[in-house]
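S.K.: Let me see the structure of the following:
(one chain, ligands or ions: 2)
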Amino acid sequence: MTHQPDAAESAAAPYDAVLVLSFGGPERAEDVLPFLRQVTAGRGIPDERLRIVGQHYYDRGGRSPVNDLGRALAAALRDELGARGCPLPVALGNRNWEPWLVDALRELHDQGARRVVTVVTSAYSSYSSCRQYRENLADAVAALHAEGRDLAVDKVRVYATLPGFAGTMAELTADVVAGLPGERLGTTRVAHVTHSIPTPMQTGSGPVGDDEEGYVQQHLRVARLADEAVTARTGHEVPSALVCCSRSGAPGQPWLEPDVNDHLEQLAGEGVTDVVVAPIGFVSDHMEVVYDLDTEAAATAERLGLRLHRVPTVGTHPDFVAGLADLVLERAAQARGEEVQAASVAGPALWSVCPPGCCRGRTERPALCGG
Ligand SMILES: CC1=C(CCC(=O)O)c2cc3nc(cc4[nH]c(cc5[nH]c(cc1n2)c(C)c5CCC(=O)O)c(CCC(=O)O)c4C)C(CCC(=O)O)=C3C
Ligand SMILES: [Fe+2]
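M.R.: Ligands and ions are numbered 1, 2, ... in the order given. The predicted structure follows:
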C-alpha cells in the first residue's frame, strides 16, 4: 500500500487508488445493536425483525463475515492490478460499519490519492444496491472537502452482465448440477436467490422509463445464463426460478417474492428431490448466505426431505477478481476519453455513469457517479 504508482504511466490513469465499497457488518457482540440501528435508521424495520437478525449475529459471537470477505476481495484485487503493472492501493470502505467509507477515503487521500475509482460489492441496480452507495459517496466526499481535502470519486459500471461475474456464477452453478447423480436430474430444480427488496424499490430500480434494466430484470439475465450453462454441461434442461431471501420491512408491506423457504415447500409438493441454490444476488458468503441460505433454508429443506446443494458465491474466484480488474481499467480508459470495448454476457453492458433518476429512493439526496 505504500508504493505510489505514477498515475500517468499506469493503465489505471487517471485513477491513483481503488475503493471497494461494501455494506459492512459488526465484528464484536457489543457492536451488533449499534450496527443494526445504523442500517435501519429511519426505515421502519420492526423491532421484532431486528431482534431476530441480531440473534443471527450473536449466534456467531457477534462477528459478521462480511468485512473479512471485503478485505479479502480488496487484497485480491490489489494483487491482480499489481500483476498487471498497476500497483494501486485498494481500500475497503463500508456504508454501515468500520472500516467506514469516509475513513477509507481519508486514508487513501493521506497516501496521495486524488482520484479514486469505486467497486461496489453488488452487481445490480436498485436504491439499496447502487444509488444508496452513491449517496454515501457524496456524503463522504463532501465531508473530506470540508476538511480541505481534494478528492474525486468515480465508479465502475453496474456489473451484472460482466463475464467475470455472470459467467463465473453460471459455471459455478453448472459445476454443482453436473455433480449430481444423473438419475436425479429429472427431479432437480435450480433456485436462483437474491435479496428481497420492497416492491416500490424494484419499480424504481435502473434508469427511469426503462423496464428492461431494473433489479429483477438484471437478475433474470444472470439466471438465464446459468440455466444455459447447466443445459450445456449436463444435456438436461433443469427448471429454475428466481426467488428471494432476507425480507424485512413491516408485515403488509409488499417485498419481492417468493421467499426461498416457501419455494422449497412448493417444490417438495411437486416431487422434487434436489434443489440447487445459486446465490446470484450476492458476491460473497456473508450473513444473508450463511444464515438465510445455509442455516434457515437448509433446515427447511431438511424438514421437507429435500436435498439442498448450495452453489458458492464468486467471492475471490480468480475469474471474478480478473473481471473486476478489467472493469477498473475499462473505467480508467473511459475517464481518459478513450473508446472502450465493454465485455458483456446475457445482454448489453450496463452503465458506469448512472442516468438522472436511476434507482430512485424515497427522497432526492445528492449522489455521485451520476449524469
Ligand atoms: C439489495 C440488498 C443487498 C445486496 C446488495 C448489497 O450488498 O448492498 C443487501 C445486502 C446486505 N444486507 C446486509 C444486512 C442487513 N440488511 C438489512 C436491511 C435491508 N437490506 C436491504 C437490501 C439489501 N441488502 C433492504 C432493502 C433492507 C431494509 C432496510 C433498508 O432499506 O436498508 C438489515 C437490517 C435488518 C433486516 O431488515 O434484515 C441488515 C442487518 C448485509 C450484511 C451481511 C453481513 O453482516 O454479513 C449485506 C451484505
Ligand atoms: Fe440487506
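S.K.: Do a quick rundown of the strands in the stretch 201-350 of the chain.
M.R.: In order along the chain, the stretch 201-350 of the chain carries the following strands (DSSP state E, counting those that start in this stretch): 240-245, 274-278, 307-310.
S.K.: What pairs with the shortest one, parallel or antiparallel?
M.R.: Strand partners for strand 307-310, identified by DSSP bridges, are recorded as strand 274-278 (parallel).
S.K.: Go through the strands of the stretch 201-350 of the chain and name the closest to ligand 1.
M.R.: Closest approach to ligand 1 among the strands of the stretch 201-350 of the chain (C-beta to the nearest ligand atom): strand 240-245, 9.9 Å. For every residue, glycine as well, the C-beta is placed using N, CA and C.
S.K.: now that closest one, how far from the centre of its chain.
M.R.: 16 Å (C-alpha atoms, centre = their mean, to the nearest Å).
S.K.: can I get the CA coordinates of it in PDB?
M.R.: Extracted C-alpha coordinates of strand 240-245, given in PDB (Å, rounded to 0.1, in the frame of the first residue of the first chain):
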ATOM      1  CA  SER A 240     -35.300 -22.900 -12.400                       C
ATOM      2  CA  ALA A 241     -36.900 -19.900 -10.600                       C
ATOM      3  CA  LEU A 242     -35.700 -16.600  -9.300                       C
ATOM      4  CA  VAL A 243     -36.500 -16.500  -5.500                       C
ATOM      5  CA  CYS A 244     -35.700 -14.200  -2.600                       C
ATOM      6  CA  CYS A 245     -34.300 -14.300   0.900                       C
END
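S.K.: Check which helices and strands it sits against.
M.R.: strand 188-195, helix 215-234, helix 260-269 (3 or more C-beta pairs under 8 Å, 6 or more residues apart in numbering; DSSP states H and E).
S.K.: for those, which one sits closest to ligand 1?
M.R.: Per C-beta to the nearest ligand atom, nearest to ligand 1 of the helices and strands packed on strand 240-245: strand 188-195, 3.8 Å.
S.K.: Residues contacting the closest one, please?
M.R.: For strand 188-195, the external contacting residues (C-beta atoms under 8 Å, 6 or more residues apart in numbering) are 124, 128-129, 173, 177, 180, 215, 219, 222-223, 226-227, 230, 238-246, 260, 263-264, 267, 272-282, 288, 293.
S.K.: since we're on G252, how many residues are nearby?
M.R.: Residues within reach of G252, counting by other C-beta atoms under 10 Å, total 5.
S.K.: can you list the strands of the stretch 201-350 of the chain in CSV and add mean pLDDT and distance to ligand 1?
M.R.: CSV is the format used below for the strands of the stretch 201-350 of the chain (pLDDT from 0 to 100; distance: least, C-beta to the nearest ligand atom, whole Å):
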stretch, mean pLDDT, distance to ligand 1
strand 240-245, 98, 10
strand 274-278, 99, 15
strand 307-310, 98, 16
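S.K.: Can you give me the pLDDT of the residue lying farthest from the centre of the chain?
M.R.: Note on the chain: the largest C-alpha distance from the chain mean falls to E183, namely 34.6 Å (C-alpha atoms, centre = their mean). Note on E183: pLDDT of 97.
S.K.: do the same with D6
M.R.: 55.
S.K.: winner for burial among the helices and strands packed on strand 240-245?
M.R.: Mean neighbour count (mean count of other C-beta atoms under 10 Å) peaks for strand 188-195 among those, with a mean of 26.
S.K.: that older thread, which one of the helices and strands packed on strand 240-245 lies closest to R134?
M.R.: helix 215-234 (15.2 Å; C-beta to C-beta).
S.K.: Report the inter-axis angle for the closest one versus strand 240-245.
M.R.: 130 degrees (axes from the mean of the first three to the mean of the last three C-alpha atoms, to 10 degrees).
S.K.: I'd like to know which elements helix 215-234 is packed against.
M.R.: helix 168-178, strand 188-195, helix 199-203, strand 240-245.
S.K.: Okay, buried residues for the first one please.
M.R.: Residues 168-174, 176-178 are the ones in helix 168-178 that count as buried (16 or more other C-beta atoms under 10 Å).
S.K.: do the same with the third one
M.R.: Neighbour counts over helix 199-203 (16+ other C-beta under 10 Å) mark 201-202 as buried.
S.K.: For that helix, report the contacting residues that lie outside it.
M.R.: Residues contacting helix 199-203 (C-beta under 8 Å, 6+ apart): 126-128, 214-216, 254-256.
S.K.: Make CSV out of the residues you listed and add pLDDT and distance to ligand 1.
M.R.: Below are the contacts of helix 199-203 laid out as CSV (pLDDT from 0 to 100; distance: C-beta to the nearest ligand atom, whole Å):
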residue, pLDDT, distance to ligand 1
S126, 98, 6
Y127, 96, 8
S128, 96, 4
G214, 97, 12
Y215, 98, 7
V216, 98, 11
P254, 96, 12
W255, 97, 8
L256, 98, 10
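S.K.: What about those residues, which one has the most neighbours?
M.R.: Top of the contacts of helix 199-203 by neighbour count (other C-beta under 10 Å): Y215, with 28 neighbours.
S.K.: Thought I197 was touching it, still the case?
M.R.: Yes. Counting by C-beta atoms under 8 Å, I197 is a contact partner of Y215 at 6.4 Å.
S.K.: Quick check: neighbours shared by those two?
M.R.: With C-beta under 8 Å, 6+ apart, Y215 and I197 have common neighbours 126, 205.
S.K.: What pLDDT is listed against the most centrally placed residue in the chain?
M.R.: Among the residues of the chain, S122 comes closest to the average C-alpha position under C-alpha atoms, centre = their mean, at 2.2 Å. S122 is assigned 98 on the pLDDT scale.
S.K.: Since that was my last question, I'll sign off now.
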